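Novice: I need the structure of the sequence given here:
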Amino acid sequence: MTGFDETYLGTQATCQALLQRILQSPDALWLDDSRGLGTSWLMAGARHQVSSSTTLASELAALELAPHELMAGFLGYPAPPDPSHGPDLPDHGIGIYSWHLRIHQDDVYFVGDAASASWQALQSPRDLPLQPFKLLSAFSSSWNINDYARAFTRIQSYLQAGDCYQINLCQHYAATYSGDPLLAYLHLREVSPVPYGAFMRVGTSCLLSLSPERFLSIQGRSMLSSPIKGTTPVFADPGANATSRQSLADSAKNRAENLMIVDLLRHDLGRYAHVGSVKVDPLFAIQSFAQVHHMVSDIHAELSPAYSYLDALLGCFPGGSITGAPKHRAMQIIAALEPIPRSAYCGSIFCLGKDFLESSIAIRTLVADAQGTLHAWAGGGITADSTLEDEYEECNHKIGALLRALEQSFSSSSEPL
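Specialist: Coordinates of the predicted model:
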């Protein structure tokens, strides 16, 4: 059959062998609601790829999508002028896919061109066992507390001088590994179920994203951005956990930080929105995940007929929740202070169809590079009211559980799960 096809394939259990073959493909991309509540997409065999381009916006705008096709991939956080010591990863990794699997809860559907050569090549069963994943070293931070303190102090100087009123500062962590990072992702998605998970093979590197944060969603002409700003830990004890959640809801500091980013994103979306359509509802909602509680606000707007989905995505990128405000000056300060480029971390992983766009802020995102290094990052927004100890500890709340889960399950002295 040629052209568009949509077929029910079965449950995830009955399609397990096919799903694994796709995930082992060289350019596999899995946009994964690991909570099992929404829609996930799995694809491979892109008919066209864009990895790095100085004219990304015009190149993507010139690409035509058939009604069933998807444009999907990642946008890397803008690198400093002379990046060094970061993952060996292109600036972007974007493909046009002639077919995909749509996974809704437990049901798997094929959508696209069933005659596509890349789809046909996956129909023959083959035994390709995954190479066991192992961590060969524990994770270590590029900064100790004194390094972080020096950067924190410089940020406070910028804030007092009026350069910015919030700056997002990130720490970098690294460990060495061997084997297929897909096994690490499969474990992490069980440890930390999120709405915007993703696994992506980019050449000989891999992205493992456990993001809870929506960057920009567009359905029809309705836009929605949901920045996260404000975090407290989840506790096993119900009383301590309720206190942690309520302390976040009551925190004037976190409300102020969240409002700063809401205002930034209202401005960003407003440049592409129908006049008068930008609204915030709810403001300062609390959402709970496996390891942390987050303060989240929703900004709604109607996309102007003068702009495309890509115009809004690229024009609002990178998300304000991971830069600070004002955005441009905050990014300059970040580039001067952070020794390791963020790479895909704090970029966006997205999926674009004819009538929808879904995209995440790529936080809780690891990069497994071809040299055998597994990179991770964590950060937070620093304001004049921030304290060094609290900000340093918040980084550990955000990423610590994921790094510990990998060390406990995949250390060289343990058998991988």
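Novice: pLDDT below threshold where in the stretch 1-150 of the chain?
Specialist: 1-3, 53, 83-84 (pLDDT under 70).
Novice: could you pull out the strands in it for me?
Specialist: Shown for the stretch 1-150 of the chain, the strands assigned by DSSP state E, counting those that start in this stretch span residues 4-11, 29-32, 39-43, 48-50, 70-75, 92-97, 99-104, 107-113, 134-135, 140-141.
Novice: cool, the stretch 201-350 of the chain as well?
Specialist: Under DSSP E, counting those that start in this stretch, the stretch 201-350 of the chain gives strands at 205-211, 214-219, 222-225, 228-233, 279-280, 285-288, 292-296, 299-302, 324-325, 348-352.
Novice: report the angle between the fourth one and strand 292-296.
Specialist: An angle of 160 degrees separates the directions of strand 228-233 and strand 292-296 when computed by axes from the mean of the first three to the mean of the last three Cα atoms, to 10 degrees.
Novice: which positions in the longest strand seen in the chain come out as buried?
Specialist: Counting residues, the longest strand found in the chain (DSSP state E) is strand 166-178. Judged by neighbour count using 16 or more other Cβ atoms under 10 Å, the buried positions of strand 166-178 are Gln166, Ile167, Asn168, Leu169, Cys170, Gln171, His172, Tyr173, Ala174, Ala175, Tyr177. C-beta: built from backbone N, CA, C; applies to glycine.
Novice: how about stretch 143-163?
Specialist: Trp143, Tyr148, Ala151, Phe152, Ile155, Gln156, Tyr158, Leu159, Asp163.
Novice: sorry, back to before: mind putting the strands of the stretch 201-350 of the chain in a markdown table, mean pLDDT and distance to Lys398 included?
Specialist: Shown next, in a markdown table, are the strands of the stretch 201-350 of the chain (pLDDT from 0 to 100; distance: least, Cβ to Cβ, whole Å):
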| stretch | mean pLDDT | distance to Lys398 |
| --- | --- | --- |
| strand 205-211 | 98 | 10 |
| strand 214-219 | 98 | 17 |
| strand 222-225 | 98 | 20 |
| strand 228-233 | 95 | 6 |
| strand 279-280 | 98 | 24 |
| strand 285-288 | 98 | 14 |
| strand 292-296 | 97 | 6 |
| strand 299-302 | 98 | 22 |
| strand 324-325 | 96 | 16 |
| strand 348-352 | 98 | 18 |
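Novice: tabulate these in a markdown table, adding columns for distance to Thr383 and mean neighbour count.
Specialist: Below are these laid out as a markdown table (distance: least, Cβ to Cβ, whole Å; neighbours: other Cβ atoms under 10 Å):
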| stretch | distance to Thr383 | mean neighbour count |
| --- | --- | --- |
| strand 205-211 | 23 | 25 |
| strand 214-219 | 22 | 21 |
| strand 222-225 | 21 | 20 |
| strand 228-233 | 10 | 23 |
| strand 279-280 | 20 | 14 |
| strand 285-288 | 20 | 15 |
| strand 292-296 | 14 | 22 |
| strand 299-302 | 20 | 22 |
| strand 324-325 | 9 | 26 |
| strand 348-352 | 24 | 25 |
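Novice: for the ones you listed, give me CSV that also has distance to Tyr109.
Specialist: Conversion of the strands of the stretch 201-350 of the chain to CSV gives the following (distance: least, Cβ to Cβ, whole Å):
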stretch, distance to Tyr109
strand 205-211, 23
strand 214-219, 19
strand 222-225, 24
strand 228-233, 31
strand 279-280, 34
strand 285-288, 29
strand 292-296, 30
strand 299-302, 29
strand 324-325, 41
strand 348-352, 15
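Novice: which ones among the buried residues of stretch 143-163 map onto helices?
Specialist: Residues of the buried residues of stretch 143-163 located in helices (DSSP state H): Tyr148, Ala151, Phe152, Ile155, Gln156, Tyr158, Leu159.
Novice: pretty sure Arg21 is touching Asp127, no?
Specialist: No - using Cβ atoms under 8 Å, Arg21 makes no contact with Asp127, being 10.2 Å away.
Novice: so which of the two has more stuff around it?
Specialist: Comparing Arg21 with Asp127 by neighbour count (other Cβ atoms under 10 Å), the higher total belongs to Arg21, at 18 against 5.
Novice: identify the residue spatially nearest to that one, adjacent ones excluded.
Specialist: Once flanking residues are discounted, Arg21 sits nearest to Leu122: 5.2 Å by Cβ to Cβ, 6 or more residues apart in numbering.
Novice: where do the helices sit along the stretch 301-417 of the chain?
Specialist: 309-316, 327-337, 388-410 (DSSP state H, counting those that start in this stretch).
Novice: adding mean neighbour count, distance to Asp250 and mean pLDDT, write those out as CSV.
Specialist: Output for the helices of the stretch 301-417 of the chain, formatted as CSV (neighbours: other Cβ atoms under 10 Å; distance: least, Cβ to Cβ, whole Å; pLDDT from 0 to 100):
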stretch, mean neighbour count, distance to Asp250, mean pLDDT
helix 309-316, 19, 30, 97
helix 327-337, 17, 27, 96
helix 388-410, 18, 15, 93
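Novice: out of those, flag the one nearest Val292.
Specialist: helix 388-410 (5.7 Å; Cβ to Cβ).
Novice: got the contact list for the spatially most central residue of the chain?
Specialist: Residue closest to the average C-alpha location in the chain (Cα atoms, centre = their mean): Ala362, at 2.0 Å. Going by Cβ atoms under 8 Å, 6 or more residues apart in numbering, Ala362 touches Phe74, Tyr77, Ala198, Leu207, Ser209, Ser211, Ala344, Tyr345, Cys346, Gly347, Ser348, Ile349.
Novice: tell me the pLDDT at it?
Specialist: Here, the pLDDT recorded for Ala362 equals 98.
Novice: go on, the one 4 residues further on?
Specialist: With respect to pLDDT, Leu366 scores 98.
Novice: surely it meets Ser211?
Specialist: No - applying Cβ under 8 Å, one finds Leu366 not in contact with Ser211, separated by 11.0 Å.
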